[in-house]
Structure formats: C-alpha cells, structure tokens
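1. Sequence and predicted model, in that order:
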Amino acid sequence: MSNESATIVQKLWNFCNVLRDDGVSYGDYVEQLTYLLFLKLADEQSKLPTNGSSKIPAGLDWESLRKESGAALEDQYVKILRELSNEKGLLGVIFRKSQNRIQTPAHLQRLIKLIDAENWSAMDADIKGTIYEGLLQKNAEDTKSGAGQYFTPRPLIKAIVAVMQPKPMKTICDPACGTGGFFLAAHDYISEKYYTTFTIEQRQFLKYKTFAGTDIVDNVVRLCVMNLYLHSIGGTESPISTDDSLTKDPGKRYDMVLTNPPFGSKSSITITADGEKRSNSSITYERDDFWATTSNKQFNFLQHIKTILKEDGRAAVVLPDNVLFERGAGETIRRQLLKLFDVHTLLRLPTGIFYAQGVKANVLFFDKRPAREEPWTQKLWIYDLRTNNRFTLKTNPLRDNDLQDFIDVYNSKNRHKRVETERFSSFSYEELTQREHANLDIFWLKEDSLEDISDLPSPDVLAGEITQNLESALELFQNIQTELGDSD
C-alpha cells in the first residue's frame, strides 16, 4: 500500500474508533463509508467534462448532504438511503436494504467532511481500490464481526490466479464471491499480462463481461460491488447479485470458476439430487444436476461448480479437509468428480492463514471434460504446504513468497511435465479410487517434533482446530447413522 493510500485508510479508520462509542461496529462503519463514497464519486464524475448527468437522481445526491446539518442532515441521509434502495441496476445493489447506522448528526457530518476532503476521481483506480481493500482487510481483522469469513487471504488468491492464468475474452465466475478478491486478482493479472496487446473489444469485455458472481449476504454483495466499482470493473449494471447460488442451476456456463465457499459444513438446507426425497431439514431444494443428496454446503458448492463450468472449463476451489474424506455423499461426489473431470492438483493449506481460526483447508483444481467411458483423472498431484509450516494473522502472516514454490512446481505452461519434490507428489487414479471411501486426505511428510511450548500454535488456533475436529467427527457419526437407517 502506498503512503498516500495508507494515510487515507488510517484517517478514515481512526474516525471509526469515535463512532464505536456510539455503537457503530467496524462492519457498519465500512457499510456507511460505501454509501457516502459512492455518492461522492458520482458527484465528482458528473462534473467531469467527459461525463453527462449524475447517476444519482436530483435531490438525493452528494450536494444535498453537504448543505445540511443537524437533524436535517440525518433526515436527508435517511431519505437518500430509502429512495436509492428502490433504484434499479448498480444503484439498487449498492443501496439495497440500506440503513443509517450513525445516529449522531455531528458524527455523520464529520464523516462527510472527511470524504469530501479527497478528490477521489483524480486518484488512479489502483489507489482507490487499495484504499477500499485496506478498509475491508481491517474489517476482516476484527474477528468479533465475523467479516473474516468473506475475506480470503490475498497472497493465496494471487497464487491461485497465477497458476490458473486467466485470459482475455474468457468468463470468470465466483458463486460465493465475498468482497471480490478473486475478481480483482484476475483483473490485475489479465490487465498486466495482456496490456500491450489489448484490443478495444478485449478491454471492453474485461470491464463489462468477464466477471459474474453471487453472494447470499446483502452487505457483502454491496462491499463487493463497491470494490469492483472502485477498480473500474463493471458499468451501470452490477456483475454481482444477491442470491443463494445453490438453489438452482442458473443456466449460464463459465470458462473459469474461482471461489472460496463459506466455512462451516452443515446447513439447514438439504439439496436433493436426481429425484431423491430423503431430507430431515426444514428447507429442501431439488437439483437434478447433482450427484448426491446432502446438507453439507461445501459438497453442494462443489456439485454446483461442476455444473456451471463450460466444457474444458477450469476451476480452483478452496475446500475444508472434510471434503477429502467424508463418507456417504462425500464418497459418491469424489468418485464422480475423479471419473468425469480431470482432477489434477490439490494444495494442502496450513492453519493460521484464515480469519476463522483453526480452519484446515485445501485448494482443489480440476477441469471439465467431454463425456467418455474412461476416467479423466490420470494423476492427482498434491502439494503439502501444511506440514511444518505455521502461520499467524499478525506475527507471521502468509506472504506471496510462501506460495512461490507451489507456483513454480505447478508448471502452468505444461502441467503434464511436472517433477516430484519433497512437498509435491502424485497419485494415480487407481491409487485414489482403491483407497477406502476414495479418501483424498493424503499426507507423507512427518511433522517435526515440537522442541518447546513456544513452537505450539496460539491458543485460539488450537481451540479452532479442536472445534473443527469435533464438528467433523459429529458429522461423520451423523452420516454413518443415516447410512444405517437407509439400509434398514
């Protein structure tokens, strides 16, 4: 982050501490910043010689806020939020279900003055985007807010994009898009790699047609749309929508899927596959394109992703450990995926890199192929970044260099000419399918002995790991109970 960006982030964030005394949380604060920043940008852009009238209807714009104070300012702000929430397109997405969380008019006026002091339109898109990303990261770091589950570590995203190598004129979808990290990294990669050869058509496609995403949480969609807007991605229509991706086959197919579905395995929703009616949950959706019935969100996202990929489309998905070994529906889905798709790479991630403590996760890379009798997976290459690596969010965070070896051995130019290393090993289709329950939870490196207590993970990480292990064990027992019930 440049000094200019860091200064603005700190200036805006310092004021959040004032508002916390009024009961305004970090998440609420970033939300209010989003509303006001959008109004300010629209005002600035309407005054540029190249632009016409403002996107904002008269009487609901930035100037209408600047001229008010006291109770009249609060009333005007509430009116703006209420009326803009009914607009269509990008405006409607940004202001959907918006509410004023700043109850002291003097504080609202001070925040308006803070934003008004900057000339945002004069800033490069990278600077504006970096400022907003900095605010999102600070919000994610406040673990009490729970916002961290929507914020995937940026070094991990950059490494995934680096090996996936997105190209111009190809579509990219994230069905659980959070604050849009995968979109931004892919946009940067394409812009930098193909900048000198871009045609007008390719540039327009990148801005308006490359990205599509959904998220189930209104506030998160708002943050994502604003993040893209500040990076000059998208137009008057939002590329992101508020929806539950799992409820139906959207019909659209994409060249690439990059995603980190939400943490937590159990859901109150069961999605039945191919006409199955078994369900103990209060809500049931039918998906005849799914291979197995389950209430496990990660397995359902995995099945959804295989559907929305184009033929020869490629996916990189962050998934928890239980997806690798869970029985029942999990085994069915793994065997189908190995047979019908080219499941070629698995990156085992260390703990301590996510804002949700104790998460044991992986990145699964697979390609969609046309139907045939022979299995498409020939070899699954597993890179173990977990064994003997310990990270923490504050004292030893994951950095770009930590993933460079994985990027190198992945060998994107020709992954059929990979070479095994200490951390990178391959397993044939026969080996994988002959393992009990097609268990992909494979490791071969030995954990170094812990010499002293200082080598232990922090207590919150240990507590998170214990919680996740207990949840996985409970889910396993529940699946066994279901299987026994079905066999009666």
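-> Everything's here; your move.

2. isn't there a strand covering A140?
-> No. Using DSSP: H, G, I helix; E, B strand; the rest coil, the secondary structure at A140 is helix, not a strand.

3. Distance of the residue nearest to it when sequence neighbours are not counted relative to F299?
-> Nearest non-adjacent residue to A140, counting by C-beta to C-beta, 6 or more residues apart in numbering: F151, 3.6 Å away. In short, each C-beta sits where N, CA and C put it, glycine included. As judged by C-beta to C-beta, to the nearest Å, F151 and F299 stand 23 Å apart.

4. ok, the residue nearest to A140 - how many residues close by?
-> Look at F151: counted by other C-beta atoms under 10 Å, it has 23 neighbours.

5. for it, what are its contacts?
-> Applying C-beta atoms under 8 Å, 6 or more residues apart in numbering to F151 gives the contacts 136-137, 139-140, 178-179, 181, 355.

6. Now do the SS call for the residue nearest to T345 when sequence neighbours are not counted.
-> Nearest non-adjacent residue to T345, counting by C-beta to C-beta, 6+ apart: F365, 3.9 Å away. Classification of F365 by three-state DSSP places it in strand.

7. For F365, which residues are in contact?
-> For F365, counting by C-beta under 8 Å, 6+ apart, the contacting residues are 163-164, 314-316, 343-347.

8. For it, name its beta-bridge partners.
-> A316, T345 (DSSP bridges).

9. how about the CA coordinates for stretch 239-257, as CSV?
-> In CSV, the C-alpha atoms belonging to stretch 239-257 read as follows (Å, rounded to 0.1, in the frame of the first residue of the first chain):
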residue,chain,number,x,y,z
PRO,A,239,-22.0,-8.0,-12.3
ILE,A,240,-22.8,-9.3,-8.7
SER,A,241,-26.2,-10.3,-7.4
THR,A,242,-27.6,-11.2,-4.0
ASP,A,243,-28.7,-14.8,-4.3
ASP,A,244,-28.2,-18.3,-2.9
SER,A,245,-26.2,-19.9,-5.7
LEU,A,246,-27.2,-23.4,-4.6
THR,A,247,-31.0,-23.2,-5.1
LYS,A,248,-30.9,-23.8,-8.8
ASP,A,249,-28.9,-24.3,-12.0
PRO,A,250,-28.5,-20.7,-13.3
GLY,A,251,-28.3,-21.9,-16.9
LYS,A,252,-25.1,-19.9,-17.6
ARG,A,253,-21.8,-21.6,-18.1
TYR,A,254,-18.3,-20.1,-17.5
ASP,A,255,-14.8,-20.7,-18.6
MET,A,256,-13.4,-20.5,-15.1
VAL,A,257,-14.6,-20.7,-11.5
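
10. Isn't V30 up against Q137?
-> No. Checked against C-beta atoms under 8 Å, the pair V30 and Q137 is beyond contact range at 10.5 Å.

11. And the two? Which one has more around it.
-> V30 (26 against 18).

12. For that one, which non-adjacent residue is closest in space?
-> Using C-beta to C-beta, 6+ apart, the closest residue to V30 is N139 (5.0 Å).

13. hang on, the earlier thing: tell me which of the contacts of F151 fall in helices.
-> 136-137, 139-140, 181 (DSSP state H).

14. now these in a markdown table, with pLDDT and distance to Q202?
-> Putting the ones in helices among the contacts of F151 into a markdown table (pLDDT from 0 to 100; distance: C-beta to C-beta, whole Å) gives the following:
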| residue | pLDDT | distance to Q202 |
| --- | --- | --- |
| L136 | 81 | 28 |
| Q137 | 80 | 31 |
| N139 | 76 | 34 |
| A140 | 75 | 33 |
| G181 | 91 | 23 |
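
15. Between all of the residues you listed, which two are separated the most?
-> Farthest-apart pair in the ones in helices among the contacts of F151 is N139 and G181; separation 13.3 Å (C-beta to C-beta).

16. Packing partners of the helix or strand harbouring Q10?
-> In this assignment (DSSP states H and E), Q10 forms part of helix 3-20. With contacts defined as 3 or more C-beta pairs under 8 Å, 6 or more residues apart in numbering; DSSP states H and E, helix 3-20 has these neighbours: helix 26-46, helix 105-116, helix 125-141.

17. Tell me which of those helices sits nearest to T395.
-> With C-beta to C-beta as the measure, helix 125-141 is the member of the helices and strands packed on helix 3-20 nearest T395 (13.3 Å).

18. Quick one: name whatever helix or strand follows the closest one.
-> helix 154-164.

19. Over that next one, what's the mean pLDDT, rounded is fine.
-> For helix 154-164, mean pLDDT rounds to 96.

20. who touches it?
-> 133, 181-182, 185-186, 189, 256, 258, 314, 316, 318, 345, 349, 353, 363, 365, 398-400, 402-403, 406-407, 410, 412.

21. Next: stretch 108-125.
-> 8, 11-12, 15, 19, 32-33, 36-37, 40-41, 44-45, 48, 62, 65-66, 69, 73-74, 77, 100, 102, 128, 131, 230-232.

22. mind checking the end-to-end distance for that stretch?
-> Its first and final residues considered, stretch 108-125 spans 26 Å by C-alpha to C-alpha, to the nearest Å.

23. tell me how far that stretch is from the chain's mean position?
-> 28 Å (C-alpha atoms, centre = their mean, to the nearest Å).

24. Residue numbering should commence at 10 henceforth.
-> Sure thing, new numbering starts at 10, so read that last one as stretch 117-134.

25. can you list the domains in this structure?
-> 12-146, 155-493 (automatic domain parsing).

26. Got a quick ChimeraX command for the buried subset of the contacts of helix 163-173?
-> Here is the ChimeraX selection string for the buried members of those, based on 16 or more other C-beta atoms under 10 Å:
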select :142,190,191,194,195,198,265,267,323,325,327,354,358,362,372,374,407,411,412,415,419
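
27. Keep only those of the contacts of helix 163-173 that are in helices.
-> Those of the contacts of helix 163-173 lying in helices (DSSP H): 142, 190-191, 194-195, 198, 415-416, 419.
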